[in-house]
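Trainee: Any chance you can model this:
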Amino acid sequence: MKFTKETAVEKLTATLGKTQKLSLRTITDIVTNAMLMIPEDSEMEIDAFVSKVSPIVKSMNDNLNKEQADFVKEWSEKNPVPTPTPPPVDPPKPEVQDMPSWFKAYQDQAAKDKAEMAEALRRITGAKHADTVRSSAQARFREKNKDFLEAFPAIAGVLDETIGEISIGESDTEDTVIARLSTDMSRMRKAAGIDEGWTPGGGGGEGGKPVDVSKNAAVIAALGITPKTT
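Mentor: As a prediction, the model looks like this:
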């Protein structure tokens, strides 16, 4: 990351201005938890980080402002300043009420906001991981099977569609994606009648010529994918 925790806390505190009710410790805790969700080698800039976290900080600060204002209003209504009466009659003492549970409500909201922020950051990092794995796996697979894919461009086209539909989780690796592509290519090769021992220049399919897989019904049925046609 291209910024420090202290810089992030300072920036977020500045966004609240005179309306700040959250303590510096609370803001620091939010920043610390948010930064734990970002990879250490992330190139995220401070402005991008603040733009993602500030809505949560502002929401928590606004909620605290409102809860305190509501409490003061309610307390004032239920505990008015007694009006003095002439002696010897003493003015009635207002009923003393217990402090309401607004602080617990604030803590519950803060925990909910923190969970939502963690989930949002998890989706961001998960999408970045999937894109990186997908791109690298596709490049390695193409290089490994370069001769075959150049000889049978229709199969290459279907595999390009397939990789975009593969769901990639946090535990998946390039090898996982390559294994899936290799399995699909093997099924398509078999459905198209291309010999497993095919070599560059050896041809395949009927008459030793490349097969137009985009029109091969057996391949479409085997993969459950409708290839693009040219």
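
Trainee: check contacts around the closest residue to residue 106 other than its chain neighbours.
Mentor: Excluding its sequence neighbours, the residue lying closest to residue 106 (CB to CB, 6 or more residues apart in numbering) is residue 64, at 5.6 Å. The C-beta positions use only the backbone N, C-alpha and C, and glycine is treated the same way. Contact analysis of residue 64 by CB atoms under 8 Å, 6 or more residues apart in numbering lists 21, 22, 106.

Trainee: The second one is in contact with residue 59, isn't it?
Mentor: No. Counting by CB atoms under 8 Å, residue 22 sits too far from residue 59 to count as a contact (10.5 Å).

Trainee: What distance do you get for residue 22 to residue 72?
Mentor: 18 Å (CB to CB, to the nearest Å).

Trainee: Tell me, how many residues neighbour residue 37?
Mentor: Neighbourhood size, residue 37 [other CB atoms under 10 Å]: 15.

Trainee: name the helices or strands packed onto the longest helix seen in the chain?
Mentor: When the chain is parsed with DSSP state H, its longest helix is helix 102-144. The contact analysis (3 or more CB pairs under 8 Å, 6 or more residues apart in numbering; DSSP states H and E) places helix 102-144 against helix 24-36, helix 46-78, helix 153-165, helix 174-191.

Trainee: Please parse this structure into its domains.
Mentor: The record, using automatic domain parsing to delimit domains, assigns the chain the ranges 5-79+100-128, 145-223.

Trainee: Run the chain-centre distance for the longest one.
Mentor: Between the mean C-alpha point of domain 5-79+100-128 and the mean C-alpha point of its chain there is a distance of 18 Å (CA atoms, centre = their mean, to the nearest Å).

Trainee: model confidence over that domain, on average?
Mentor: Across domain 5-79+100-128, the average pLDDT comes to 80.

Trainee: Span of it from start to end?
Mentor: 23 Å (CA to CA, to the nearest Å).

Trainee: Over to stretch 5-24?
Mentor: Between the start and the finish of stretch 5-24 there is a gap of 12 Å, counting by CA to CA.

Trainee: Which of the residues in it are classified as buried?
Mentor: Using 16 or more other CB atoms under 10 Å as the test for burial, stretch 5-24 gives 8, 9, 11, 12, 13, 15, 16, 20, 21, 22.

Trainee: now, which of the residues you listed lie within strands?
Mentor: If you go by DSSP state E, these have nothing in strands.

Trainee: Which one, of the domains of the chain, ends up nearest to residue 137?
Mentor: domain 145-223 (3.7 Å; CB to CB).

Trainee: what is the mean pLDDT for the closest one?
Mentor: Mean predicted confidence for domain 145-223 is 71.

Trainee: Touching, residue 113 and residue 56? I think so.
Mentor: Yes. Using CB under 8 Å, residue 113 is in contact with residue 56, at 4.9 Å.

Trainee: sorry, back to before: rebuild the domains of the chain as TSV, extending it with distance to residue 93.
Mentor: Converted to TSV, those look like this (distance: least, CB to CB, whole Å):
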stretch	distance to residue 93
domain 5-79+100-128	10
domain 145-223	62
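
Trainee: out of those, nearest to residue 139?
Mentor: Nearest of the domains of the chain to residue 139, taken as CB to CB: domain 145-223 at 9.2 Å.

Trainee: re the thing from before, can you put the helices and strands packed on helix 102-144 in CSV and add distance to residue 2?
Mentor: Formatted as CSV, the helices and strands packed on helix 102-144 follow (distance: least, CB to CB, whole Å):
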stretch, distance to residue 2
helix 24-36, 12
helix 46-78, 7
helix 153-165, 31
helix 174-191, 27
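
Trainee: Great, nothing more from me.
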